[in-house]
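Colleague: Based on what follows, work out the 3D shape:
(chains A, B and C)
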Amino acid sequence: MKRLLVLIVTTLLVSTAFAIDKGKKFDDPELQARYERLISEVRCLQCQNQSIKDSNVTLAADLRREIARMIEEGQTDDQIAEFLVVRYGEFALYRPRTTGKTLVLWVAPFLLVLFGGFALMRVVKHRMSLPIGDDSMKEG
Amino acid sequence: MLPEIGQFSLILALSLAICQTVLPLIGAHRGDAAMMGVARTAATGQFLFVAVAFGCLTYAFLADDFSVLYVANHSQLALPDLYKVSAVWGAHEGSLLLWIFILAAWTVAVARFSSGLPEAFAARVIGVLGFLSVGFLLFAILTSNPFDRLVPAAVDGGDLNPLLQDPGLAIHPPLLYIGYVGFSVAFAFAIAAMISGDLDQKWAKWTRPWTTVAWLFLTLGIALGSWWAYYELGWGGWWFWDAVENASFMPWLIGTALIHSLAVTEKRGLFKSWTLLLAISAFSLSLLGTFLVRSGIIVSVHAFATDPTRGFFILTFLAVVVIGALILYAWRAPSMDSDVGFGLLSRETFLLLNNVLLVVATTLVLIGTLSPLVVEMATGEKISIGPPWFNVAFLVPMIPLVILLGMGMHTAWRTQKSDSWVRVFKIPAIIAVLLGVVIPLMIYGRISILLVVGCAAAVWIVVSSLILPVRSLLREKGTAGITRSALGMCIAHLGMGSFVLGATIVSAFGVESDQALTPGGSIEAAGYEFHMAELRNVQGPNFSAIEAVIEIRDDGDLVATVLPQKRQYLVQKSPMTEAGIRAGLDKDLFVALGDQLGNNTWSVRVQYKPLIRLIWLGALIMALGGLIAISDRRYRVNVREKAVSETGEAEATA
Amino acid sequence: MNRFVWPLIAVAGLLVFLVMGLRHGDPRALPSPFIGKPAPEFELPTLKIPEVSIGTETFAGDYALVNVWATWCVMCRAEHPFLLELAAARAIPIYGINWRDSRVEAIRWLDDLGDPYLASAYDADGRVGIDWGVYGAPETFLVDPEGTVIYKHLGPLDPVIWQREFVARMSGGGQAE
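Modeller: Down below sits the predicted model:
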């Protein structure tokens, strides 16, 4: 663990030795926007929880370069995601893909709200049947 | 010498904490006034000794005592005094001591302000707090002693992490901890009620102010952390759904549900089991948060350097506390349900919806935070769950919640007649939809469904929150026409509306641009021109930096000059970015130096952030609302009430 | 079972899970997705003689170590003596991928400290590193005679790890990851 930290610190230190281009990659604003969205969703694997958009390390710059290349070649978002997953695993993507296990994740919010809603309806129905009390004056 | 006194004080504090736990709890069971009386004295004593320990550690930092290992690791001769003090809680051992100190302080506050409470109840509350103190003190003394010596002493220290050398981050932990630890008071109140079997509207009235204060500090702590991340980390974001951020956000969500649930329990004696469960959960999530951050189980920028042994200790403590509380809950809660009802259209229904949606939101954050671990242990595969998922998932319960928020405030208890109710909302609804379309379209130039929903919801909440205060003013009653409790509620909700507006606008219309810049050159972004006038070297007390003078112009007119820096701290040598920000309520213009691309050429990140300040201002207003709410007259200790309870007890024991 | 027991059950489950999580190990260790799969194909000029190229076919036919290294990597220097030992003992063919480095500096480094590699590929822009899923140096891959990646170790190699993770997986006796 400590070794890993030294490793990372060293890499961070040296990243400034390389000319890292963080400028605009595309003239077409739509492509540029797509590029920026994609790089914000890819994890910087050398960092402690940062996207390659926000990170300054060499690997982040290299991955940004690769993604820009793939966009230029006309690859789709899915193909770019697959490129990264083949090499680094699903860990590289901040947006879990909607396959098998992770489909549950994307459905969960709706399921929970529905479940909460049903439970709530049952409770309210029950309470509606109980004596309410006399005054319905509004109080602050 | 002083560090040893500090260590010894901790041990003394531990023994007092044990007395504070055992004697009052037994005393409350037996009705023994003498044993119960120990509670307040032991609490005060424990606080004094913890304060001494804390003072010793602080002194060790200020005096540059590098024979103390913790000081040697996290301080440095050239470190400014302010940061020597904040370094006390800058890492695991010291922050644990801060936790213990704040817990002792809350306990003393409860001891001091509990004269209106029945003796047995107060004794139980202080006893439970004592149990928590014992746990944390044991943890510190056995596994995380800040007073461990370094022999031979270091000549100079390893320096405080430069990220922490900032005034905002200096007070961020104390504010957060006052919040986290404050929920242990609500927890203790809940346990005391479950032990005695008495939970009534009076109990809710006692619990509310303590919980609201904890909640408002947590609000401030989280907002400060977000604001700090924005200006310090250089990437211009304000929330990343990092595991440690989530660890502080979950108690906040549940804490918000708790203060609303307490309102129902106080008003109508309903939702008792909800309130109990929420009180247990809020504190449990605080403990869980501490566990996640210190055990090394989760990857995060914020995580303390730790080892699994500490993780096991906290987990065991967490298990004992939470399982114990939930056993009590399973035993007592069934008998606490009341037989009162309410109509379909009623404030009770809205607050129940509020509870449900907040719990769903908290569950989702928990799922997102822990799922990578679950998946890894189940399948061996590592996945990441980041902002793309959280931002979508969180909105699912939150969008209904913000819409319902505006309505619930003006709904009567018990039952609400629907026609008079609809009348209240006609005008606010029209204004909300109108502005919901106008604001994004006319002011910022773009519109979408999500934008309209977000802006309309924000305006909806703001207008709805203003109805009661404005009505009170118009009736020429001034501040007398509305209780502080109600005013606090309106202001807190107003803060929420402000937050929603800021978050919506900045997420949709914020612009970030990374471009290369040389002295004399200019770049353009979001309609502004950023001109680098100069690049120079500057010196700080413990760092050296390259500073850029950037002039920001709008159509040729100088709007601001900002001075972003790239700092190199002398000891830790990690490069740090200090952003140059032109702040304003309507927008921020943000410039940060990236990397040096060549001789004098730097990559620069410029950002345009409209209405971003509304996010933190909103949080501030929410906290203010909480403060106003608890200053309400009915929470002040009533002399008559006190006298009555005393004579009542005198008769009982006679 | 009444509904008031559910929180207790849920929390108990969560706690069990957290205990398991604690014992699980380093959350930062990323297993290589190539374990059990063919080594990613590449062809790069060698470090010392740019006209000569090496690639995946170069190490076919025998077990091989593919070690990703660079002169700016402190831990690479730490593991270097052990790599020299392995090379001297002819324990296993070692190939290097010089990752994102300066050719001149790298050659000088090997001249000064010794060259354990049969050959080092020069990956100037890091493309091959990415293809191998490299995210930090040093990384060492164990490739079997058919060209399948059997194991990847992140961090410096030492005798203990060599025995426990690499030797154990070779000579048909080791289990796959």
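Colleague: Can you tell me the SS state at the residue positioned nearest the centre of chain C?
Modeller: In chain C, the residue lying closest to the centroid (C-alpha atoms, centre = their mean) is C:T140, at 2.4 Å. Under DSSP: H, G, I helix; E, B strand; the rest coil, C:T140 falls in the strand class.
Colleague: doesn't C:M75 make contact with it?
Modeller: No - shown here, C:T140 and C:M75 do not form a contact pair, counting by C-beta atoms under 8 Å, at 11.2 Å. Every residue, glycine included, has its C-beta placed from N, CA and C.
Colleague: Contacts only, for B:H172.
Modeller: The neighbourhood of B:H172, defined by C-beta atoms under 8 Å, 6 or more residues apart in numbering or on different chains, consists of B:G221, B:L224, B:G225, B:W228.
Colleague: Including neighbour count, pLDDT and secondary structure, could those go into JSON lines?
Modeller: As requested, those are exported to JSON lines (neighbours: other C-beta atoms under 10 Å in any protein chain shown; pLDDT from 0 to 100; DSSP: H, G, I helix; E, B strand; the rest coil):
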{"residue": "B:G221", "neighbour count": "24", "pLDDT": "96", "secondary structure": "helix"}
{"residue": "B:L224", "neighbour count": "20", "pLDDT": "95", "secondary structure": "helix"}
{"residue": "B:G225", "neighbour count": "23", "pLDDT": "93", "secondary structure": "helix"}
{"residue": "B:W228", "neighbour count": "20", "pLDDT": "90", "secondary structure": "helix"}
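Colleague: Would you mind giving the domain segments of chain A?
Modeller: In the domain annotation for chain A, the residue ranges read A:2-97, A:98-128 (automatic domain parsing).
Colleague: most neighbours per residue, which of these?
Modeller: Looking across these with neighbours counted as mean count of other C-beta atoms under 10 Å in any protein chain shown, the highest average goes to domain A:2-97: a mean of 18.
Colleague: ok so, going back, who wins for proximity to B:V549 among the domains of chain A?
Modeller: Closest to B:V549 of the domains of chain A, according to C-beta to C-beta: domain A:2-97, at 20.7 Å.
Colleague: what does the average pLDDT come to for the closest one?
Modeller: Domain A:2-97 shows an average pLDDT of 80 in the prediction.
Colleague: what about the closest residue to B:F139 other than its chain neighbours, how many neighbours?
Modeller: Counting by C-beta to C-beta, 6 or more residues apart in numbering or on different chains, B:F139 lies nearest to B:F313, which is 5.4 Å off, once chain neighbours are set aside. Applying other C-beta atoms under 10 Å in any protein chain shown, we find 19 residues neighbouring B:F313.
Colleague: ok, and B:F313, which helix or strand is that part of?
Modeller: Using DSSP states H and E, B:F313 sits in helix B:308-332.
Colleague: how distant is that helix from the center of its chain?
Modeller: Mean C-alpha position of helix B:308-332 versus that of the full chain (C-alpha atoms, centre = their mean, to the nearest Å) differs by 22 Å.
Colleague: Against which helices or strands is that helix packed?
Modeller: Contact partners of helix B:308-332 among helices and strands, from 3 or more C-beta pairs under 8 Å, 6 or more residues apart in numbering or on different chains; DSSP states H and E: helix B:119-143, helix B:167-196, helix B:272-295, helix C:6-23.
Colleague: buried residues in the longest one?
Modeller: Judged by neighbour count (16 or more other C-beta atoms under 10 Å in any protein chain shown), helix B:167-196 contains these buried residues: B:169-196.
Colleague: How about the first one?
Modeller: By neighbour count with 16+ other C-beta under 10 Å, helix B:119-143 contains the buried residues B:119-137, B:139-140, B:143.
Colleague: what is the orientation angle of that helix with helix B:272-295?
Modeller: Note on geometry: by axes from the mean of the first three to the mean of the last three C-alpha atoms, to 10 degrees, helix B:119-143 and helix B:272-295 are set 20 degrees apart in direction.
Colleague: which strands and helices sit next to helix B:119-143?
Modeller: For helix B:119-143, the helices and strands in contact under the criterion 3+ C-beta pairs under 8 Å, 6+ apart are helix B:2-30, helix B:33-62, helix B:92-112, helix B:167-196, helix B:308-332.
Colleague: okay if I get the ones you listed as CSV plus distance to B:S485 and mean pLDDT?
Modeller: Compiled in CSV, the helices and strands packed on helix B:119-143 are given as follows (distance: least, C-beta to C-beta, whole Å; pLDDT from 0 to 100):
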stretch, distance to B:S485, mean pLDDT
helix B:2-30, 31, 95
helix B:33-62, 29, 95
helix B:92-112, 21, 95
helix B:167-196, 18, 94
helix B:308-332, 28, 92
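Colleague: Which one of the ones you listed lies nearest to B:Q572?
Modeller: For the helices and strands packed on helix B:119-143, the distance to B:Q572 is smallest for helix B:167-196, at 15.3 Å, taking C-beta to C-beta.
Colleague: circling back: look up which residues are beta-bridged to the residue nearest to the centre of chain C.
Modeller: When bridges are called by DSSP bridges, C:T140 pairs up with C:N67, C:H153.
Colleague: ditto for B:A525
Modeller: When assigned by DSSP bridges, B:A525 has beta-bridge partners B:Y528.
Colleague: ok, back up a step: of the helices and strands packed on helix B:308-332, which approaches B:K573 most closely?
Modeller: For the helices and strands packed on helix B:308-332, the distance to B:K573 is smallest for helix B:167-196, at 19.6 Å, taking C-beta to C-beta.
Colleague: okay, the angle between the closest one and helix B:119-143?
Modeller: When the same axes, to 10 degrees is applied, the directions of helix B:167-196 and helix B:119-143 differ by 130 degrees.
Colleague: how close does the closest residue in space to B:P308 that isn't next to it in sequence get to C:P31?
Modeller: Distance criterion C-beta to C-beta, 6+ apart; nearest residue to B:P308, sequence neighbours excluded, is C:L22 at 5.3 Å. Relative to C:P31, C:L22 is positioned 19 Å away (C-beta to C-beta, to the nearest Å).
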